[in-house]
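Asker: predicted structure and sequence below. I'll ask about it afterward.
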Amino acid sequence: MTMYNMVHGENSSALVALALIDHDRESIPRYRDAWVVELDGSYYVYVYTRMGGGNAGHWESWSDEPTQKGPGCPCPGCVMDYVVLPGAKSWADDEFDSTYRMVIFDVPNVPAHQEIAEMVVEPGGIDMGERWRTAFERMERGEFNEAELELQKRLGIILRQGDEN
């Protein structure tokens, strides 16, 4: 489980949002979350990934075997650049944490897709900067969810083992 998912979980309609654009969790490198937004009568799928900033582009050290940058390269950066992004309407690194990237797709203008999008739309969308700020403020007050408490427990065990060595 990623830190993002420990802190925020995953949108309950994320898999539906991904299906609307013919993707799934595995087809989008370093996928974290997805949701549907309605703007001016049109529907869009927003996909949040950990592919922003220095995570973008070809990964030289992706595997033991050297890979060439390009459409056939299996590294996350090339899959994003040559497979995912060409189908996207737009994308931008997250303003709060630039190691994340928001990728936006049009929901196909097909009646069934539009109907489904209307059923799962997130009114007003999701402001990731606000979402992170709220989570950090909550943690500063000492309020943690179960996944965060489990992470603290695991980190404590690891740190204690390190002290013993």
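Answerer: Nice, I can see it. Numbers count the residues shown, from 1 in each chain.
Asker: residue 46: what secondary structure?
Answerer: Look at residue 46: counting by DSSP: H, G, I helix; E, B strand; the rest coil, its state is strand.
Asker: could I get the one helix or strand in the chain whose mean pLDDT sits lowest in CSV with only the CA atoms?
Answerer: Ranked by mean pLDDT, DSSP states H and E, the helix or strand of the chain with the weakest confidence is helix 146-164, at a mean of 75. Provided in CSV are the C-alpha atoms of helix 146-164 (Å, rounded to 0.1, in the frame of the first residue of the first chain):
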residue,chain,number,x,y,z
GLU,A,146,-5.8,2.7,11.1
ALA,A,147,-3.4,2.5,8.1
GLU,A,148,-1.3,5.4,9.5
LEU,A,149,-1.1,3.7,12.9
GLU,A,150,0.0,0.4,11.3
LEU,A,151,2.7,2.3,9.4
GLN,A,152,3.9,3.9,12.6
LYS,A,153,4.1,0.5,14.2
ARG,A,154,6.0,-1.0,11.3
LEU,A,155,8.5,1.9,11.2
GLY,A,156,9.0,1.6,15.0
ILE,A,157,9.9,-2.1,14.6
ILE,A,158,12.3,-1.3,11.7
LEU,A,159,14.0,1.5,13.7
ARG,A,160,14.3,-0.7,16.8
GLN,A,161,15.9,-3.4,14.7
GLY,A,162,18.3,-0.9,13.2
ASP,A,163,19.3,0.2,16.7
GLU,A,164,20.1,-3.4,17.7
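Asker: so, low pLDDT: which residues of the protein?
Answerer: 162-165 (pLDDT under 70).
Asker: quick check: what element follows the helix or strand encompassing residue 79 along the chain?
Answerer: Using DSSP states H and E, residue 79 falls within helix 76-79. Where DSSP H and E defines the elements, the next helix or strand beyond helix 76-79 is strand 90-93.
Asker: quick one, strands of this structure?
Answerer: For the chain, applying DSSP state E gives strands covering 31-39, 42-49, 90-93, 101-106.
Asker: from the chain's centre, how far out does the first one sit?
Answerer: The gap between where strand 31-39 is centred and where its chain is centred comes out at 9 Å by CA atoms, centre = their mean, to the nearest Å.
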